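Enquirer: here's my sequence, what's the structure:
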Amino acid sequence: MVENPKEFLLELFNTAVKAAHPAQVLANYLPPDRSGRAIVIGAGKAAASMAKALEEHWEGPLSGLVVTRYEHGLECEHIEVLEAAHPVPDDAGREVAERIMDLVSHLQAGDTVFCLLSGGGSSLLSLPAEGISLSDKQQVNRALLRSGATISEMNCVRKHLSAIKGGRLAKACWPARLHTFAISDVPGDDPSVIASGPTVADPTTSANAIAILRKYQIKAPQSVLDWLNNPASETVKPNDPVLENTQFTLIATPQHALEAAAALVRRRGLTPMVLSDSIEGESREVAKVHGALAIYARHYDQPVTTPCVIISGGETSVTVKGNGRGGRNAEFLLSLANTLKGEPGIYALAADTDGIDGSETNAGCWLTPETWNRAEHLGINAEGCLEDNDGFGFFDALDQLIVTGPTRTNVNDFRAILIL
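Expert: All right, here's what the predicted structure looks like:
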């Protein structure tokens, strides 16, 4: 059973992260013959740990270049690891993207390329399309991040403003053999959405991208609108011959992480209820549903018998209207606190498996039945903090932040609600 709810929730989170770490999973998906020469490219928050794992298990010569988020790097012996900005791209990411395109643009049919992709790759591998400046792309990216758009919608726009995403990297690699190993951080594990799909076909269109900008009332620079109305802005589509020599393999997904946590719950004698690995929507609204389920389970042993743990993953969104600090997990947990209002016997954790909640220094936060009363005693208004999008400030004041540092993997958000 559970003697220390906080420690148990942290153990669940760490178990989920470990289940998706490249050091644990990548070797299982490599081909039996590991003696050939290969060029390695890649991008994402897990790019450095993926490169390191590949070096440890590959027997043939390796060379190449990957890019990861600042402070997420690792020393590799043969593969160069560089760092760039996330979630808004910077010049470092643009320069790496240019180098990667140069690296693969003159390959032959007998060459082999390994591409290592994970969440965050869309920002880190940023090469604006013709006629679009990096500042134009940054402007659109910032607006999308504040709009409440889903990750699929954001990446649809990003793909069509890029010279490397939406299958264009695969086109540059042709006619070489290209094998992509990916860690999914997106609901549904769609390869065309992970890191904006640089090595796979893209079913979305430039018209879709324009519609998303209109939907969220994003005022894009004229250069962006001109490009999206240019037929050249279309991405690589299914059945394109440049994709004939490509393979795509998922090595870790959000579901893998949730299943590992659920197995630990069972071993401790509790009942797990895995809601979904692909929950989307406004963080505060998703939290209300989770809270209602938790209260119902505690009072009526439905839809799951207590003691239990409600587990979920996915990527919620935040429509930013206030001036506070906090990623989507802090927003989720603050809204959950508002819903539970100190309900006895319910504890919770919400954190990003990459170790960074949005752009803050914490992975997420934790919650106990005493959180609500402690906040009131300290004069902290939970509802006011929520309106200001200040989940970070709320939980920081209560010393209930979860700080892990970069985990060097990324299968998106992890939420666990313990009901005793």
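Enquirer: any idea how far residue 164 is from residue 79?
Expert: Using CB to CB, to the nearest Å, residue 79 is found at 19 Å from residue 164. Every C-beta, even on glycine, is put in place using the N, C-alpha and C of the backbone.
Enquirer: how is this protein divided into domains?
Expert: According to automatic domain parsing, the chain comprises the domains 5-15+255-419, 22-252.
Enquirer: can I get those in JSON lines including mean pLDDT and mean neighbour count?
Expert: Converted to JSON lines, the domains of the chain look like this (pLDDT from 0 to 100; neighbours: other CB atoms under 10 Å):
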{"stretch": "domain 5-15+255-419", "mean pLDDT": "96", "mean neighbour count": "20"}
{"stretch": "domain 22-252", "mean pLDDT": "96", "mean neighbour count": "20"}
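Enquirer: how about residue 413: which residues does it bridge to?
Expert: Residue 413 forms beta bridges with residue 314, residue 352, as assigned by DSSP bridges.
Enquirer: surely it meets residue 356?
Expert: No - taking contacts as CB atoms under 8 Å, residue 413 lies outside contact range of residue 356: 11.6 Å.
Enquirer: got any residues that touch both of those two?
Expert: Taking CB atoms under 8 Å, 6 or more residues apart in numbering as the contact rule, residue 413 and residue 356 touch no residue in common.
Enquirer: contacting residues around stretch 277-291?
Expert: Contacts to stretch 277-291, defined as CB under 8 Å, 6+ apart, come from residues 148, 150-151, 187-188, 253-255, 257-258, 275, 310, 312-319, 328-329, 331-336, 338-340, 386, 415, 417.
Enquirer: from these, which land in helices?
Expert: Judged by DSSP state H, the contacts of stretch 277-291 include 151, 254-255, 257-258, 328-329, 331-336, 338-340, 386 as members of helices.
Enquirer: how near is the residue sitting furthest away from the middle of the chain to residue 371?
Expert: Computed with CA atoms, centre = their mean, the residue of the chain farthest from its C-alpha average is residue 377, at 35.8 Å. For residue 377, the distance to residue 371 equals 11 Å [CB to CB].
Enquirer: list the contacts of stretch 229-242.
Expert: Here stretch 229-242 makes contact (CB under 8 Å, 6+ apart) with 129-130, 159-161, 165-168, 170-171, 174, 201-206, 210, 227, 243.
Enquirer: which ones among these are found in strands?
Expert: Judged by DSSP state E, the contacts of stretch 229-242 include no members of strands.
Enquirer: just checking, residue 132 touches residue 227?
Expert: Yes - the pair formed by residue 132 and residue 227 meets the contact definition of CB under 8 Å, at 5.7 Å.
Enquirer: find residues that contact each of the two.
Expert: residue 161.
Enquirer: which ones are touching residue 335?
Expert: Going by CB under 8 Å, 6+ apart, residue 335 touches 283-285, 287-288, 291, 386.
Enquirer: picking that back up, any idea how far the residue farthest from the centre of the chain is from residue 163?
Expert: Going from residue 377 to residue 163 by CB to CB gives 55 Å.
Enquirer: kindly report the same for residue 302.
Expert: Counting by CB to CB - residue 302 and residue 163 are separated by 53 Å.
Enquirer: now do residue 151
Expert: Residue 151 sits 21 Å away from residue 163, going by CB to CB.
Enquirer: cool, and residue 186?
Expert: Distance, residue 186 to residue 163, by CB to CB: 22 Å.
Enquirer: on that earlier part again, nearest to residue 66, of the contacts of residue 335?
Expert: residue 283 (30.6 Å; CB to CB).
Enquirer: just the element for residue 113, please.
Expert: strand 112-117 (DSSP states H and E).
Enquirer: partner strands of that strand, with direction?
Expert: strand 38-43 (parallel), strand 177-183 (parallel).
Enquirer: show residues contacting the last one.
Expert: Counting contacts by CB under 8 Å, 6+ apart, the residues outside strand 177-183 that touch it are 20, 22, 26, 29, 44, 46, 50, 54, 109, 111-119, 170, 191, 194-195, 199-200, 245-253, 409-411.
Enquirer: can you give me the distance of residue 239 to residue 369?
Expert: For residue 239 relative to residue 369 (CB to CB), the value is 56 Å.
Enquirer: cool, residue 278 as well?
Expert: Distance, residue 278 to residue 369, by CB to CB: 29 Å.
Enquirer: what about the helices in the stretch 101-250 of the chain?
Expert: If DSSP state H, counting those that start in this stretch is used as the criterion, the helices of the stretch 101-250 of the chain fall at 121-124, 134-147, 151-160, 168-173, 206-215, 222-228.
Enquirer: please report phi then psi for the closest residue to residue 26 other than its chain neighbours.
Expert: Closest residue in space to residue 26, ignoring its immediate chain neighbours: residue 53 at 4.2 Å, by CB to CB, 6 or more residues apart in numbering. Main-chain dihedrals, residue 53, degrees, to the nearest 10: phi -60, psi -40.
Enquirer: which ones are touching residue 82?
Expert: Contacts for residue 82 (CB under 8 Å, 6+ apart) come out as 65-68, 73, 92, 96.
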